[in-house]
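In: no letters, just coordinates:
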């Protein structure tokens, strides 16, 4: 029997076993702590958790045979696995299934420590594989991916923030100058990576990371502003900050304009569900150019990254 439940971004699949055998409630999908921990571990260890599935299988050999697999990238060392061990299988579409024996999750199994150890080891392997896979991701696809996450953060904060007893837990617009300084420091690190004699493929990964962190802060601040009826209004201390005009300018107003109509909610967002995601990604493309970088997807699948403003090292201090 095969059934599915989900845990956040990492999906879970039961194969050649039943929910009852491993302690999953077939009606609600509620998982025992041992399985929930493994799903959460993969969520935090994977580079792209929404492309990972935790497969709890009652027949490991059969589950492996049923999956046409592709070899791991040459940069990631292959490992010999003993029978019964967990294993990560790369699917033809690039998704990764982490197969774990169902016996680890029954009452008389080897215990939760064995499951944790195996899944953590596979999670690190998944992270390494996905980092290599992700180097070929076009810049536009990266921006859409960040936009999906930012929109989800905004909607979740709208849903949860109003219930906070402690207002200090909000990320507010007044906090954004601090975000800008951290963002500037991260961008300088990206510039230094670009200046190396042979800059590696991880430059784009780092640029996506530092921009994503900044935009997530902006999303939380936007949720606070919209929830309190302030829209894109700026406190004087923010408007006067020299970094605001240099790094943000009119992008803030457009950012709030795109997010404000979105409903509060805690579900995962996909661009086909919320048309605004594509518009947010386009805004992010323009925003990156404002801070002094240009990323262009080329016909051959490469990405051209260049510096367009040479004051980046000065204003980010």
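Out: Yep, it's here. If you're wondering where the values come from, they're calculated on a predicted model, not measured in any experiment.
In: got a pLDDT number for the spatially most central residue of the chain?
Out: Nearest to the geometric centre of the chain sits residue 48, at 6.0 Å (C-alpha atoms, centre = their mean). Reading off the confidence values, residue 48 has pLDDT 84.
In: contacting residues around it?
Out: Neighbouring residues of residue 48 by C-beta atoms under 8 Å, 6 or more residues apart in numbering: 130, 133, 134. From N, CA and C alone the C-beta is placed, and that goes for glycine too.
In: which of the residues you listed fall within helices?
Out: Residues from those lying in helices, with DSSP state H as the criterion: 130, 133, 134.
In: can you redo those as TSV with neighbour count?
Out: Converted to TSV, the ones in helices among the contacts of residue 48 look like this (neighbours: other C-beta atoms under 10 Å):
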residue	neighbour count
130	23
133	19
134	20
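In: what is the nearest of those to residue 203?
Out: When these are compared for distance to residue 203, the smallest value, 12.3 Å, is given by residue 134; criterion: C-beta to C-beta.
In: list the residues that contact that closest one.
Out: Contact analysis of residue 134 by C-beta under 8 Å, 6+ apart lists 47, 48, 205.
In: find the nearest non-adjacent residue to the last one, please.
Out: The reference is to residue 205. Among residues not flanking residue 205 along the chain, residue 134 sits closest, at 6.4 Å (C-beta to C-beta, 6 or more residues apart in numbering).
In: from residue 11, how far out is that neighbour?
Out: Relative to residue 11, residue 134 is positioned 19 Å away (criterion: C-beta to C-beta, to the nearest Å).
In: just residue 39 next, same as before
Out: When C-beta to C-beta is applied, the distance between residue 39 and residue 11 equals 9 Å.
In: which stretches of the stretch 51-200 of the chain form strands?
Out: Counting by DSSP state E, counting those that start in this stretch, residue ranges of the strands within the stretch 51-200 of the chain are 52-57, 87-90, 96-101.
In: same question for the stretch 201-317 of the chain.
Out: 293-297, 303-307.
In: which helix or strand in this protein has the lowest average pLDDT?
Out: Of all regular secondary-structure elements in the chain, judged by mean pLDDT, DSSP states H and E, the least confident is strand 3-7 with a mean of 43.
In: nearest spatial neighbour of residue 234, skipping sequence neighbours?
Out: If the residues on either side of it in the chain are set aside, residue 234 comes closest to residue 173, at 6.5 Å by C-beta to C-beta, 6+ apart.
In: helices along the stretch 1-150 of the chain, start to end?
Out: Ranges of helices within the stretch 1-150 of the chain are 33-45, 60-65, 112-134, 139-161, based on DSSP state H, counting those that start in this stretch.
In: what's the closest of these to residue 261?
Out: Distances from residue 261 to each of the helices of the stretch 1-150 of the chain were compared by C-beta to C-beta, and the smallest falls on helix 139-161, at 11.0 Å.
In: so that closest one versus strand 293-297, what angle?
Out: 120 degrees (axes from the mean of the first three to the mean of the last three C-alpha atoms, to 10 degrees).
In: where among the strands of the stretch 201-317 of the chain is average confidence lowest?
Out: The stretch with the lowest average pLDDT out of the strands of the stretch 201-317 of the chain is strand 303-307, scoring a mean of 89.
In: the closest residue in space to residue 181 that isn't next to it in sequence: neighbour count?
Out: Leaving out its chain neighbours, the residue that sits closest to residue 181 by C-beta to C-beta, 6+ apart is residue 243, at 6.8 Å. Applying other C-beta atoms under 10 Å, we find 18 other residues in the vicinity of residue 243.
In: mind checking the longest helix of the protein?
Out: helix 202-227.
In: what residue ranges in this protein score low on pLDDT?
Out: For the chain, applying pLDDT under 70 flags the ranges 1-8, 74-84, 107-112, 161-171, 198-201, 266-275, 313, 315-317.
In: walk me through the domains of it.
Out: Following automatic domain parsing, one finds the domains of the chain at 3-134, 139-315.
In: so how far is the first one from its chain's centroid?
Out: Taking the mean of its C-alpha atoms, domain 3-134 sits 19 Å from the chain's own mean (C-alpha atoms, centre = their mean, to the nearest Å).
In: hang on, the earlier thing: roughly how far does the residue nearest to residue 181 sit from residue 151?
Out: Using C-beta to C-beta, which is the criterion applied here, residue 243 is 25 Å from residue 151.
In: now do residue 281
Out: Applying C-beta to C-beta, one obtains 10 Å for the distance of residue 281 from residue 151.
In: tell me which residues touch the residue lying closest to residue 17 once chain neighbours are set aside, please.
Out: In space, and not counting its chain neighbours, residue 17 is closest to residue 58: 3.4 Å by C-beta to C-beta, 6+ apart. Contact partners of residue 58, counting by C-beta under 8 Å, 6+ apart, are 15, 16, 17, 21, 101, 102, 103.
In: measure the nearest residue to residue 144 once chain neighbours are set aside to residue 146 for me?
Out: Spatial nearest neighbour of residue 144, excluding adjacent residues (C-beta to C-beta, 6+ apart): residue 281 at 4.5 Å. For residue 281, the distance to residue 146 equals 7 Å [C-beta to C-beta].
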